[in-house]
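1. one predicted model, sequence on top.
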Amino acid sequence: MNTVKTSPRRTPEEIHEQGILALRHDAAKTLIKGKMYLRLFHGRQTPDEELDGWGSEGPTFGPLDSFHATYLTTFNIYRETDEAELFAQQDLFVFEGKYYGDMSIFIA
């Protein structure tokens with residue numbers, strides 16, 4: 001049975017600063033075939049911002065080993081021995097002060 005070793009929970013920003021979890025804004029050029037990623041998109045500056053289009057492209061996290069959602073408000077992403085949390089606020093994912101309406105989990 002595979003187990004995920006966890007370290008103290010950190011935000012994706014903290015893990016990114018330490019270079020542990022890859023964060024790619026131009027991910028299409030650097031994805032590893034067969035690996036799992038989580039991408040945020042449909043971004044906006046504030047939760048109530050009216051968008052004329054699809055909003056901004058968000059970050060792509062990965063490659064990941066696992067993903068876990070709790071009550072659709074807290075989303076844990078795992079890579080090797082590291083764990084980070086994304087949070088939802090007003091039905092939007094929050095990351096680096098921006099709000100994202102959509103998330104995609106995919107295998108490259």
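-> Good, I have the coordinates.
2. helix or strand with the lowest mean pLDDT in the protein?
-> Within the chain, confidence by mean pLDDT, DSSP states H and E is lowest for strand 23-24 among all helices and strands, at a mean of 58.
3. next helix or strand past it?
-> Going down the chain from strand 23-24, the next helix or strand is strand 36-44, by DSSP states H and E.
4. show me which positions of the helix or strand that comes right after that following strand end up buried.
-> Heading C-terminal from strand 36-44, the first helix or strand you meet, by DSSP H and E, is strand 60-64. Applying a neighbour-count criterion of 16 or more other CB atoms under 10 Å, one finds 60-64 buried in strand 60-64. Where you see a C-beta, it was placed from the backbone N, CA and C, and this is true even at glycine.
5. with only the CA atoms kept, save strand 60-64 in PDB.
-> Taking Å, rounded to 0.1, in the frame of the first residue of the first chain, the C-alpha atoms of strand 60-64 are listed here in PDB:
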ATOM      1  CA  THR A  60      -0.100  25.100 -12.600                       C
ATOM      2  CA  PHE A  61       1.100  23.000  -9.600                       C
ATOM      3  CA  GLY A  62       3.100  19.800 -10.100                       C
ATOM      4  CA  PRO A  63       4.000  17.200 -10.800                       C
ATOM      5  CA  LEU A  64       1.900  15.900  -8.000                       C
END
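6. can you tell me the average pLDDT over that strand?
-> Across strand 60-64, the average pLDDT comes to 86.
7. now find how far off-centre the following helix or strand past it is within its chain.
-> Where DSSP H and E defines the elements, the next helix or strand beyond strand 60-64 is strand 66-70. Chain-centre distance of strand 66-70: 11 Å, with CA atoms, centre = their mean, to the nearest Å.
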